[in-house]
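**Q** Build the 3D model from these lines:
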Amino acid sequence: MKVPYAVQGLFFAPLLLGLIFLLKVTCPAPTGGGCFADTFLTPLFLPLTFIYTALAPFSVFIAHHEPFFVVVYWMIVCFLGGLLLDIHKTKN
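**A** Now for the predicted structure:
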């Protein structure tokens with residue numbers, strides 16, 4: 001039985017985020033020396049600027065749960081991307 005792409009996207013997002021953090025933690029370059037994972041960190045945390053702007057009254061709560069919001073955001077994005085692929089595959 002084939003797992004739908006939408007479900008695969010739900011599992012892919014946390015694995016990708018974990019891999020990026022693992023690459024950043026194990027980077028052999030000195031601090032500020034540049035690392036492969038550095039190119040992914042800015043887009044990874046970009047949704048936080050929107051969340052802080054849209055939910056300004058809850059900024060203290062958001063600050064305590066930033067990793068949760070980042071993971072949930074990318075899970076939703078990957079789920080929707082997989083859902084689009086599922087819909088496109090059923091049309092063809």
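
**Q** Where do the helices of the protein begin and end?
**A** Taking DSSP state H, the helices of the chain run over residues 5-25, 38-54, 59-64, 66-91.

**Q** could you redo those as a markdown table and give each row mean neighbour count and mean pLDDT?
**A** For glycine as for every other residue, the C-beta is placed from the backbone atoms N, C-alpha and C. Formatted as a markdown table, these follow (neighbours: other C-beta atoms under 10 Å; pLDDT from 0 to 100):
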| stretch | mean neighbour count | mean pLDDT |
| --- | --- | --- |
| helix 5-25 | 15 | 91 |
| helix 38-54 | 13 | 88 |
| helix 59-64 | 11 | 88 |
| helix 66-91 | 14 | 91 |
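
**Q** For the residue nearest the centre of the chain, give its distance to residue 44.
**A** Geometric centre of the chain, nearest residue: residue 74, 3.5 Å, by C-alpha atoms, centre = their mean. According to C-beta to C-beta, to the nearest Å, residue 74 and residue 44 sit 8 Å apart.

**Q** What residues does residue 89 make contact with?
**A** residue 5 (C-beta atoms under 8 Å, 6 or more residues apart in numbering).

**Q** at 10 Å instead, please
**A** 4, 5 (C-beta atoms under 10 Å, 6 or more residues apart in numbering).

**Q** Likewise for residue 40?
**A** By C-beta under 10 Å, 6+ apart, the residues touching residue 40 are 16, 17, 19, 20, 21, 23, 24.

**Q** That one and residue 26, how far apart?
**A** Residue 40 is 14 Å from residue 26, by C-beta to C-beta.

**Q** now do residue 16
**A** For residue 16, the distance to residue 26 - C-beta to C-beta - is 16 Å.

**Q** just to revisit the earlier point, the residue nearest to the centre of the chain is in contact with residue 18, isn't it?
**A** No. Counting by C-beta atoms under 10 Å, residue 74 does not reach residue 18; the two are 11.1 Å apart.
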